[in-house]
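Let me see the structure of the following:
(one chain, ligands or ions: 1)
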Amino acid sequence: MTRSTSTAPERFWSHVVKGPAPANCWIWTGAIGDDGYGRFWVPQPDGGQRAMRPQRWLCEHLTGVALLPDVLLLHACNVPLCVHVDIDLSVSHLATGTHRGNMVERVQRGRYRNGSTAIRTAGVARADRVRLSRALREAFRDHGWDPAAIAAHKTGIESDTPTLW
Ligand SMILES: [Zn+2]
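Next up, the predicted model:
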């Protein structure tokens, strides 16, 4: 008999479309919450399920260490659906708040327009982020890796925010 349920990693990767180049984003095509970020349902020891942001799940999966609730994972690529987490921070598109200083520094070296030093507060309105994330997900579900959709998405996201790199 084959197992009727797949493992969490199998389910996770079935919802991810990776770009062809190592530096590309990895786009989450599963559920999206009303904040415009992905949602990944993870079984809990008590038999229930918990919805996590998929990038947080991958970070915990790779490091084996649970992220404390107040530890932020910040996107350097400005794509909320990106889950490209790597232990090597020179490759990773996400970094914890511990490394936030480095990311803020990158912002300040880049196109730095709105005077904010807090990456977290920079960004499009929540409703716009949800709309942009859903459009990106649909494009990837329909076409697979889609550089044009990413470019359009970033234009929408970054019309209001600094580019990190
Ligand atoms: Zn990315």
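
tell me which parts of the protein are close to the ion?
25, 77, 79, 82, 84, 93 (Cβ under 5 Å from the ion). C-betas here are computed from N, CA, C, even on glycine.

residue ranges for the helices of the protein, please.
Counting by DSSP state H, the chain has helices at residues 8-14, 54-63, 100-109, 126-143, 147-158.

So in that sheet, which strands flank the longest strand belonging to the chain, and in what orientation?
When the chain is parsed with DSSP state E, its longest strand is strand 38-43. In the sheet, strand 38-43 lines up against strand 31-32 (antiparallel), strand 49-52 (antiparallel) (DSSP bridges).

Among the residues of the chain next to the ion, find the lowest-pLDDT one for me.
Among the residues of the chain next to the ion, Cys77 carries the weakest pLDDT, at 86.

Ignoring the adjacent residues along the chain, who's closest to it?
Leaving out its chain neighbours, the residue that sits closest to Cys77 by Cβ to Cβ, 6 or more residues apart in numbering is His93, at 4.4 Å.

you'd agree the one you found is up against Pro80?
No - assessed by Cβ atoms under 8 Å, His93 is found out of contact with Pro80, at 11.1 Å.

related to what we said a few turns ago, now the residues of the chain next to the ion in CSV, please, with extra columns for neighbour count.
Below are the residues of the chain next to the ion laid out as CSV (neighbours: other Cβ atoms under 10 Å):
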residue, neighbour count
Cys25, 24
Cys77, 20
Val79, 22
Cys82, 25
His84, 23
His93, 24
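
out of those residues, what pair is the most spread apart?
Val79 and His84 (8.8 Å; Cβ to Cβ).

what sits in contact with each of those two?
Shared contacts of Val79 and His84 (Cβ atoms under 8 Å, 6 or more residues apart in numbering): 25, 93.

how many neighbours does Ala127 have?
10 (other Cβ atoms under 10 Å).

State the distance from it to the ion.
22 Å (Cβ to the ion, to the nearest Å).

what's the answer for Ala66, then?
Ala66 is 23 Å from the ion, by Cβ to the ion.

which non-adjacent residue is nearest that residue?
Here the residue nearest Ala66, using Cβ to Cβ, 6+ apart, is Glu60, at 5.5 Å.

What pLDDT is listed against that neighbour?
95.

just Ala21 next, same as before
92.

contacting residues around the residue nearest to the spatial centre of the chain?
Nearest residue to the geometric centre of the chain (Cα atoms, centre = their mean): Cys82, 3.3 Å. Counting by Cβ under 8 Å, 6+ apart, Cys82 touches 25-28, 55, 75, 93-94.
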